[in-house]
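Enquirer: Need coordinates for the below:
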Amino acid sequence: MKPRVTLTLTGLLLCTTALPALAAPMTDFQRFTSYPFMERGYREAKKDNWAEVERLTRHVLGRVPNNDEARALLVEALAHQRRYKEAEALAEQLGSGTEHADALLELRLTWIEQDPPAASQVEGWLATADGAHRVRLWQAYSLSLAKFGGAGRALDWLNQLPPRGDGQVLRLARANFAEQLRNWNATIDQLQPLADKGQLPVDAWQRLANAYVQQVDEKGLTRLLQSAPSPEMATQTRLAMANRAIAMGYSKQAQRWLQTLPTEQLQQPEQRQQLWELAREGNDAPLLRRLSNELQRPCLETVDWLSRHDPNIAREQFKDCSAGAEPRAYAILKQRLYGDPAAPPQPRTAAEWEHRYRRTGELAALEQATFLLVRQGHDERARTLLEQAYDRRQGRLTPSLLQRLGNLYARQDGQLDSRRMLSLIPQVDADSRAQLLGRLAEAGQCDTVRQAVPASPSEAGQYRALGRCAMPEQPGEAVVYYQAAERLGDSANRLPLAYALEAAGDSAAALPIWRSLPDSAWNDNARLTAAAGALNAGDPQAARRYWDAAAHTRADDWALGAAIAQRQGDLQAALGFQRQALAHNPRADHYYAAANTAQQAGDSAQSTAWLAEAVRLAPDQPRYGADYGMRLASSPDKTDRRQAIPYLQRATRDFPEDYRLGETLAVRYDEAEDSASARRELRRVIDVEQDLVDGDDEYGSLDARKYRQRRAHETLARRDTVTLASTWSPAGISTNDRFLDDGVRSGSSRRAQSQNVQLAMWDHALGEEPSRNGSTLSVYGRVLFGGQSRSDYAQSMGTGVGLRYKPIGQANLNLYAELYHQRQIDTEHYSGLSLGELLSPAKVGGNWGDLRHNAESSNDLLLRATASFLDQGDWRNDWRVDEDDWNERFLYLDAAWWTRAGDHAWLSRYQQGHAWKLPGTSPQTLMPYGFFEYSSQDPSNDWRQDARAGVGVRWQWWFDDDRYNAYRSSLKVRAEYQQSLGGNLYQRANGVLVGAEMNF
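Expert: The predicted model follows:
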């Protein structure tokens, strides 16, 4: 497919240079602005990244609508994505020149080959196409119909297609499909008009000749032979007609056609032998005598045959025979031809008739001897006599003897002689022929069956034998044969047809047959097969009835009962049946099925044990190992989860495309504190899914899945985190400094006033790997600046260095130990530092001097614990690639203890909002939210509290991602209104809080 698309769209690109008048030429500026996107588009095309090519070319066309090169490349991108309708619409905009028509034709041919459109659409194309383009279109579509719907569907479509200058080619195509269907009348109807006009190619002439041969149409073939392409081809056709007549039993016709062969062809031994046999069958005594002498057949053998058909010619031939070779036979023939004394008394017993047969060679004696032997139960002796006579006379026995030999071969306990049976089958009646063919089919002699059955079977027994040979490898073919036998009146064919339908997967069609079978047709195998079919057809109640009526002796029988009970919703009964199955010489697949049943029944321990046994019995079955690994990985026992790793490792090699295996293995690696292996496995999964186009499943979209994998990789790989934040708020509520020794907050009182705080913090994870099963140990440092009003900055400065420990991998709990130092300029020396003055070195330097020389300072050891809850899963704060809006929430708890001062602080905040994506290509959201916050502090052992609520809005932007890592950084800006609900900590200060925070 790929070469055709490339060739097609290369033609479209050429069209853009051949049609300058169809669109206004691009200016140099337009060409200049288009170049970077086109150049990148070609690079992405080499990588087969057609979605990106589409995006780039649409961007170019949006800016330069007359850029035909971009339009042609867009057509190529759409075609590679199998969006042919869009590609065709764009391709039609490029013009109507010859080059465009050829390229558009190739695009439509590719469409037909890869994703066939409706017939009406193709017929619409044909209505506007002419000449070779029209022929190529209907040729391609008819081949597509034949490929997906069979030659009959293609022929039906071509038959309704009116010719338009392509009548000859259309007739040739119809004849080709008709020949595939063995519809000889249709083949002749299509080709004979061309033959009458002398327009038949050689292969079509052969096709028409074959149709006449198959129909044994002497008149039509004789007329056609007058226009044979070559004498050799005419000879081959005459010989084929003779062989076909022989196969159909038309001896006279076969003889006539053989005699029309050239003399040198007739001199061939095989043709002369054929003609000799036809002379025997047609009772042509003069011809048989001549050919027997030419073939140097035994003289007495020839006389024996002639004596029964033309005694006068027999006497003439007898004169040339010698008595020396077979004196007994010579005497018998002489007596037959010239008379003999009175006949002796007739034999009475089988032995006497056999003796007479051996003495005289009379077939009548053989008839009587074998009849009596069969009636007395001596089948073996009768068959031996008949076989000897059959071989001696080269199969030329009387019809009754041939029938008797056929009946003996047809018996199930009889000897199987495929060579004799093959030559015997055409000479017996239809019932015996059906029995012989059935015997060969049951014995696996299917090559012999196919040789014995003509190309166009006409008997139910022939179809039945072909159906038996098609089972079980080709059950669909067997269904066709059995249905053909049924149409010919074979009422005993219902049970094999039901078996074939089940094997072909059409249980719905088999179910009515099972329901119509008489009681005499049922056995345990039929009942169990019917039960399985009813289950597949969606009728578990009928399946249970069939299953209950059968005996259950094998593991497969009990496993079927379990599947039926499971479909009925009776999981306990299904589990009991599975236990019975495992008690009857079970295989690995029985343990596997039982494990699935136990899991659905809620017995996970038993399910795991059975699954382990399935893996033990079939260690090379990758599906069992993969499921066992997933089962161990989900175990509540950590040891079991650790044991899942080797099974998952093998499963990811056996099923590299199964992302769930890879993700689970990465989680288990992480739990085993092998973060490097977890990241490596996540990278492998990301690489596998990178080029998927349609990977959505019941667990979510492909884009969300890839983002989840990249987020997991980023979390495992993150070692350093930097946070920059600034908050402007009502007085006190975002205070980060500590209490001084006098029990009041440094430099402030408890009245409502504004305050702003700036924070810079760096966190560095320690250890060989940043994360160990989600647990981390980090060293961090931070600097804080605070001001008493929204326009004042850096009145106080706090610095801290400490350790952060996250002890539990799955819980967002952090423990801190920090050496904290704080300095605050007293009111007398602080002259204020506004936002604009931060750009003045003199002002900043003066403020720094005040912090060093005119500030109160304190040192303390800060112990702190923070935790966040309710913010995981669907409530997490992260980008969602496949959602336009989502909910977010968190419950944040923060407890701090300044050990030297003995002061404590507590903060709890619950926040919930709904985020919406902002328009555009960059990941941005806007979230209105509401919150409730409670704070408590105890300066001088005087506990003070504050409770407040409010609403706000937050804008967030994520950035800095790559192939394996989701966004590492984000910027948040929020504004919220706070309303005090009570308390004396901040004297019920109300107001607007504005904050900005960047993490990277």
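Enquirer: Which elements pack onto whichever helix or strand Tyr669 is part of?
Expert: Using DSSP states H and E, Tyr669 sits within helix 659-671. In terms of contacts (3 or more CB pairs under 8 Å, 6 or more residues apart in numbering; DSSP states H and E), helix 659-671 is packed against helix 622-633, helix 638-654, helix 675-690, helix 702-717. For every residue, glycine as well, the C-beta is placed using N, CA and C.
Enquirer: So which of those is nearest Gln600?
Expert: Across the helices and strands packed on helix 659-671, Gln600 has its closest neighbour in helix 622-633 (13.2 Å, CB to CB).
Enquirer: can you pull the contacts of Asn159?
Expert: Contact analysis of Asn159 by CB atoms under 8 Å, 6 or more residues apart in numbering lists Arg174.
Enquirer: Kindly state the pLDDT recorded for it?
Expert: Per-residue pLDDT puts Asn159 at 87.
Enquirer: and Asp627, what does it touch?
Expert: Tyr592, Ala595, Leu611.
Enquirer: Go again with 7 Å.
Expert: Residues near Asp627 by CB atoms under 7 Å, 6 or more residues apart in numbering: Leu611.
Enquirer: highest average neighbour count across the helices and strands packed on helix 659-671?
Expert: helix 622-633 (a mean of 21; mean count of other CB atoms under 10 Å).
Enquirer: Can you give the contact residues for the one helix or strand Leu145 maps to?
Expert: Assessed by DSSP H and E, Leu145 sits inside helix 131-149. Here helix 131-149 makes contact (CB under 7 Å, 6+ apart) with 101, 105, 108-109, 112-113, 116, 122, 125-126, 129, 153-154, 157-158, 161, 164-166, 169, 173, 177.
Enquirer: Same check on stretch 757-767?
Expert: 719-727, 734, 736, 776-786, 804.
Enquirer: so how far is that stretch off the chain centroid?
Expert: 50 Å (CA atoms, centre = their mean, to the nearest Å).
Enquirer: Report the residue ranges of every domain in this structure.
Expert: With domains defined by automatic domain parsing, the chain comprises 2-223, 347-415, 622-713, 718-999.
Enquirer: Save the ones you listed as a markdown table, and put in distance to Gln541 too.
Expert: Shown next, in a markdown table, are the domains of the chain (distance: least, CB to CB, whole Å):
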| stretch | distance to Gln541 |
| --- | --- |
| domain 2-223 | 35 |
| domain 347-415 | 38 |
| domain 622-713 | 28 |
| domain 718-999 | 40 |
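Enquirer: Compare the mean pLDDT across those and name the weakest.
Expert: Averaging pLDDT over each of the domains of the chain puts domain 2-223 lowest, since it has a mean of 79.
Enquirer: List buried residues within the contacts of helix 131-149.
Expert: Among the contacts of helix 131-149, those classed as buried by 16 or more other CB atoms under 10 Å are 101, 105, 108-109, 112, 116, 122, 125-126, 129, 153-154, 157-158, 161, 166, 173, 177.
Enquirer: Let's see which of the contacts of helix 131-149 end up in strands.
Expert: In this view, the contacts of helix 131-149 have no member that belongs to strands under DSSP state E.
Enquirer: just the strands in this protein please.
Expert: 720-730, 754-765, 776-787, 796-806, 812-825, 855-869, 885-898, 903-917, 924-937, 944-959, 969-983, 991-999.
Enquirer: CSV for the ones you listed, including distance to Tyr669 and mean neighbour count?
Expert: Output for those, formatted as CSV (distance: least, CB to CB, whole Å; neighbours: other CB atoms under 10 Å):
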stretch, distance to Tyr669, mean neighbour count
strand 720-730, 22, 17
strand 754-765, 18, 18
strand 776-787, 16, 18
strand 796-806, 19, 18
strand 812-825, 21, 18
strand 855-869, 25, 16
strand 885-898, 29, 17
strand 903-917, 32, 17
strand 924-937, 32, 18
strand 944-959, 26, 18
strand 969-983, 26, 16
strand 991-999, 26, 17
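Enquirer: Need those in a markdown table (columns: distance to Ser230).
Expert: Shown next, in a markdown table, are the strands of the chain (distance: least, CB to CB, whole Å):
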| stretch | distance to Ser230 |
| --- | --- |
| strand 720-730 | 87 |
| strand 754-765 | 88 |
| strand 776-787 | 89 |
| strand 796-806 | 91 |
| strand 812-825 | 90 |
| strand 855-869 | 92 |
| strand 885-898 | 79 |
| strand 903-917 | 77 |
| strand 924-937 | 80 |
| strand 944-959 | 79 |
| strand 969-983 | 82 |
| strand 991-999 | 87 |
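Enquirer: Which one, of these, ends up nearest to Leu405?
Expert: Short answer: strand 885-898, nearest of the strands of the chain by CB to CB, at 84.5 Å.
Enquirer: Please compute how far the closest one lies from its chain's middle.
Expert: For strand 885-898 - counting by CA atoms, centre = their mean - the centre lies 46 Å from the chain centre.
Enquirer: again with stretch 512-520
Expert: 36 Å.
Enquirer: can you give me the end-to-end distance of it?
Expert: 17 Å (CA to CA, to the nearest Å).
Enquirer: Then stretch 630-637?
Expert: Stretch 630-637 end-to-end distance (CA to CA) = 13 Å.
Enquirer: One more: stretch 769-778?
Expert: Start-to-end, stretch 769-778 (CA to CA) is 11 Å.
Enquirer: Give me the buried positions along it.
Expert: In stretch 769-778, counting by 16+ other CB under 10 Å, buried: Glu769, Pro770, Ser771, Arg772, Asn773, Gly774, Thr776, Ser778.
Enquirer: Equivalent analysis for stretch 468-486, please.
Expert: Neighbour count says stretch 468-486 has 468-471, 474-475, 477-486 buried, by 16+ other CB under 10 Å.
Enquirer: Check stretch 296-304 too.
Expert: Under 16+ other CB under 10 Å, the buried positions of stretch 296-304 are Arg297, Cys299, Leu300, Glu301, Thr302, Val303, Asp304.
Enquirer: And those residues, which is closest to Asn812?
Expert: Arg297 (104.1 Å).
Enquirer: okay, the closest one: pLDDT?
Expert: pLDDT, read off for Arg297, is 78.
Enquirer: Tell me how far the helix holding Leu145 lies from the chain's centre.
Expert: 26 Å.
Enquirer: If you count neighbours, what's buried in that helix?
Expert: Going by neighbour count (16+ other CB under 10 Å), the buried part of helix 131-149 is 133-146.
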